[in-house]
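**Student:** Let me see the structure of the following:
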Amino acid sequence: MQIKFERNALWIVLGQILSTRTTFAQTASFLSPTSIFSPVSTPANSIFGLSLFVLSVTAFIFAVVFSLLVYSVVRFRKRRGDDGREPPQVYGSNQVELAWTVIPVLIVVTLFMATVRVLAGIQNASRPASAVEVVAIGHQFWWEFRYPALKVVTANELHVPVSDPDHPTPTFIKLLSADTNHSFWVPRLAGKTDLIPNRVNSTWIDPHETGLYLGQCAQYCGTQHAKMLLRVYVQTRNEFDRWIQQQSQPAQTTDAVSAGRRIFETTACVNCHTVAGTVADGRFGPDLTHFMSRDTIGSGIAPNTPANLRLWIRNPDALKPGCKMPAMQLSDQEVDAVAAFLETLR
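**Tutor:** From the prediction side, this is the model:
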């Protein structure tokens, strides 16, 4: 009776999962901000549907096999008075051999066709004229985002407009790598897509809800692979337009931070970073023109606070061991001056 109860409970749980898709997605979102079971974008929604289909098929297979095993254990268990002889054996059954060959083949073909259909639908999606174009470049260990048509460059925090189903505004992302293999993955918005040196890959998203969505590099790329995080801010169209306008402006600095600017411009900082309106035009590190408009530093590893900023300038390895940014051996006064200069870059 206990076995029968557990088997019935399994079917009840599976039925509830399949029949309450919205509730399941909301629960998944609450449990993890990077759950594939809480999609808010068309590509992620297609992957979610495929995942539930595969889960249903495999759960059914598990239930059938488990039930047969339990039946065999119960039906053919040794009983008191048995003489120890084996039950009648069946050899060379064409029906059994045909069943265990044809059924698995049909299951595999069904799963294969379902997967191909989803992949083709995502990869062959047409690009409307209203689409936003972004170039994402993976570096060790941070993300560079360029908006070619909008003349904006930022890092680690991607801003996109929400896509109204009645007036779609998807974001198409060209994926490039500056060094080794990386992988762009924001589970609630789209599937994982690799960035490979000397190859152009692409993905797209059309988020239907505003908010912050988390992702990260999903392909091992070196020491700080696990801390190569990214944040996607989905905004209303008006908010996105204001952000683009603000990011399009040159850096605004004041005479009060001239000492920090002078230190910044006379050290190796300018070889790696760009600050529009100054002599800094490096390309190896993130563009810092509007550095203080970002919520985090170090590709999402720490909040962008004065204390963390000073620690990052003094010794980046303290926050992100193995990162490519060197410690510049600045004095405490020089660190404070450079931090004060960076804090004006909004």
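**Student:** can you count the residues close to Ala59?
**Tutor:** 16 (other Cβ atoms under 10 Å). Every C-beta, even on glycine, is put in place using the N, C-alpha and C of the backbone.
**Student:** Name the residues of the helix or strand harbouring it that are buried.
**Tutor:** In this assignment (DSSP states H and E), Ala59 forms part of helix 42-75. Buried positions in helix 42-75, judged by neighbour count with 16 or more other Cβ atoms under 10 Å: 42-48, 50, 53, 59.
**Student:** export the residues you listed to JSON lines and tack on distance to Val116 and pLDDT?
**Tutor:** Shown next, in JSON lines, are these (distance: Cβ to Cβ, whole Å; pLDDT from 0 to 100):
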{"residue": "Thr42", "distance to Val116": "18", "pLDDT": "93"}
{"residue": "Pro43", "distance to Val116": "15", "pLDDT": "94"}
{"residue": "Ala44", "distance to Val116": "18", "pLDDT": "94"}
{"residue": "Asn45", "distance to Val116": "18", "pLDDT": "94"}
{"residue": "Ser46", "distance to Val116": "12", "pLDDT": "94"}
{"residue": "Ile47", "distance to Val116": "13", "pLDDT": "94"}
{"residue": "Phe48", "distance to Val116": "17", "pLDDT": "94"}
{"residue": "Leu50", "distance to Val116": "10", "pLDDT": "94"}
{"residue": "Phe53", "distance to Val116": "13", "pLDDT": "95"}
{"residue": "Ala59", "distance to Val116": "22", "pLDDT": "96"}
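**Student:** Can you tell me which of these lies closest to Glu86?
**Tutor:** When the buried residues of helix 42-75 are compared for distance to Glu86 (Cβ to Cβ), Ala59 wins out at 33.3 Å.
**Student:** hang on, the earlier thing: same for the helix holding Ala59, what does it pack against?
**Tutor:** Here helix 42-75 touches helix 2-19, helix 94-123, strand 201-205, going by 3 or more Cβ pairs under 8 Å, 6 or more residues apart in numbering; DSSP states H and E.
**Student:** quick one on the thing from earlier: may I see the buried residues of helix 42-75 organised as TSV, with distance to Asn238 added?
**Tutor:** Formatted as TSV, those follow (distance: Cβ to Cβ, whole Å):
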residue	distance to Asn238
Thr42	23
Pro43	25
Ala44	25
Asn45	25
Ser46	29
Ile47	30
Phe48	29
Leu50	35
Phe53	38
Ala59	45
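**Student:** Please report how far the spatially closest residue to Lys324 that is not a sequence neighbour lies from Tyr147.
**Tutor:** Nearest residue to Lys324, sequence neighbours excluded (Cβ to Cβ, 6 or more residues apart in numbering): Gln140, at 5.9 Å. In this view, Gln140 and Tyr147 are 23 Å apart by Cβ to Cβ, to the nearest Å.
**Student:** Same check on Ser51?
**Tutor:** To Tyr147, Ser51 is 32 Å away according to Cβ to Cβ.
**Student:** now do Leu345
**Tutor:** For Leu345, the distance to Tyr147 (Cβ to Cβ) stands at 18 Å.
**Student:** same question, Pro306
**Tutor:** Pro306 sits 29 Å away from Tyr147, taking Cβ to Cβ as the criterion.
**Student:** More neighbours: these two, which one.
**Tutor:** Neighbour count, other Cβ under 10 Å: between Pro306 and Tyr147, Tyr147 has more, with 20 against 12.
**Student:** Please look at that one and Leu158 and confirm they touch.
**Tutor:** No. Counting by Cβ atoms under 8 Å, Tyr147 sits too far from Leu158 to count as a contact (9.7 Å).
**Student:** Please enumerate the shared neighbours of those two.
**Tutor:** Taking Cβ atoms under 8 Å, 6 or more residues apart in numbering as the contact rule, the neighbours common to Tyr147 and Leu158 are Val134.
**Student:** what's whichever strand or helix holds Phe145 in contact with?
**Tutor:** Applying DSSP H and E as the criterion places Phe145 in strand 142-147. The contact list for strand 142-147 (Cβ under 8 Å, 6+ apart) reads 132-138, 152-158, 178, 228, 230, 244, 285-287, 298-299.
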